[in-house]
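A.B. asks: Just the structure for this:
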Amino acid sequence: MTEIALRGLTKKYGDVIAVDDLTADIRSGRVTGFLGPNGAGKTTTLRILLGLARPTSGTATIDGVAYRDLSTPTRRVGAVLDTGVFHPARTGRNALRVFATAAGLETTRLDAVLETVELGRAAGRRVGGYSLGMRQRLALAAALLGEPDVLILDEPTNGLDPHGVHWLRGFIRTYATGGGTVLVSSHLLAELTNTVDDVLIINRGRLVEHAPLAELTNATTSLESRFLELTTERPS
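C.D. replies: Model prediction:
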């Protein structure tokens, strides 16, 4: 069981506070939705968690260890942050092979993960001819190569058609049910309602809500209405 812990996480860029004293636990075996308006600090938080940025203060750890200090990070954490990392001239399979080699992973699982994300038939096509949804699936395949305990997904439904969204929802639920830890950042609140167990909402870099979805919604209160209530700036 692998858990994510944020403790007093703060990131400043000059006088701008992107993340402000953020403390939260992301539990294993559950899907946590990470929400906030544009500029709220979500991407910065994810980048710190993945060792792509350093916090000004505080910590972001996976089972008590910072990503940079994990002995085999790509076997512990799989992430989908950017679908533009694959060279357009390479085939899907070759793009994954390059990724695996760079990450220090074996290439024996290439076909398995391509089938998992339903790209097996397109594996021999060049990435430049892939749709956005197909590139999103390829990024997920790369995240799964190391059989990680943790998945961190930023807008994972971008470009997916309804079939793809339905498939991804089922995949995420199955992954969490098997004991995985899933952190999903998305603006599609209605879709998250069908996917997540817990909700973490930040605004202006600060935590404004962290609770099970069932405690935030009911017959008269949707996730969207609760989100807007917590993040809408009102005139003083």
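
A.B. asks: which residues sit in contact with residue 110?
C.D. replies: Contacts were defined as CB atoms under 8 Å, 6 or more residues apart in numbering; by that measure residue 110 touches 93, 96, 97, 100, 123, 145. Where you see a C-beta, it was placed from the backbone N, CA and C, and this is true even at glycine.

A.B. asks: what residue ranges in this protein score low on pLDDT?
C.D. replies: In the predicted model of the chain, residues 1-2, 234-236 satisfy pLDDT under 70.

A.B. asks: rerun that using 80 as the cut-off
C.D. replies: For the chain, the stretches with pLDDT under 80 are 1-2, 83-84, 233-236.

A.B. asks: And the longest helix along the chain, what's buried?
C.D. replies: Longest among the helix segments of the chain by residue count, using DSSP state H, is helix 162-177. Within helix 162-177, the residues that count as buried by 16 or more other CB atoms under 10 Å are 164, 165, 168, 169, 171, 172, 173, 175, 176.

A.B. asks: about what we covered before: counting neighbours, which of the contacts of residue 110 end up buried?
C.D. replies: If we count by 16+ other CB under 10 Å, those have these buried: 93, 96, 97, 100, 123, 145.

A.B. asks: measure the third one to residue 107 for me?
C.D. replies: Taken as CB to CB, to the nearest Å, the spacing of residue 97 relative to residue 107 amounts to 5 Å.

A.B. asks: Quickly list what the residue nearest the centre of the chain is bridged to.
C.D. replies: The residue lying closest to the centre of the chain (CA atoms, centre = their mean) is residue 153, at 1.8 Å. Applying DSSP bridges to residue 153 gives these bridge partners: residue 80, residue 184.

A.B. asks: ok now do it, which residues does it touch?
C.D. replies: Applying CB under 8 Å, 6+ apart, one finds that residue 153 lies in contact with 79, 80, 140, 143, 172, 182, 183, 184, 185.

A.B. asks: Closest one of those to residue 227?
C.D. replies: residue 185 (13.1 Å; CB to CB).

A.B. asks: Contacts only, for the closest one.
C.D. replies: Residue 185 touches 33, 34, 35, 42, 43, 46, 153, 154, 155, counting by CB under 8 Å, 6+ apart.

A.B. asks: For residue 142, see how far away the residue nearest to the third one when sequence neighbours are not counted is.
C.D. replies: The shortest distance from residue 35 to any residue that is not its chain neighbour, by CB to CB, 6 or more residues apart in numbering, is 4.7 Å, and that residue is residue 201. Residue 201 is 28 Å from residue 142, where distance means CB to CB.

A.B. asks: Same question for residue 83.
C.D. replies: The separation that residue 83 has from residue 142, given CB to CB, amounts to 10 Å.

A.B. asks: Likewise for residue 220?
C.D. replies: Distance, residue 220 to residue 142, by CB to CB: 42 Å.
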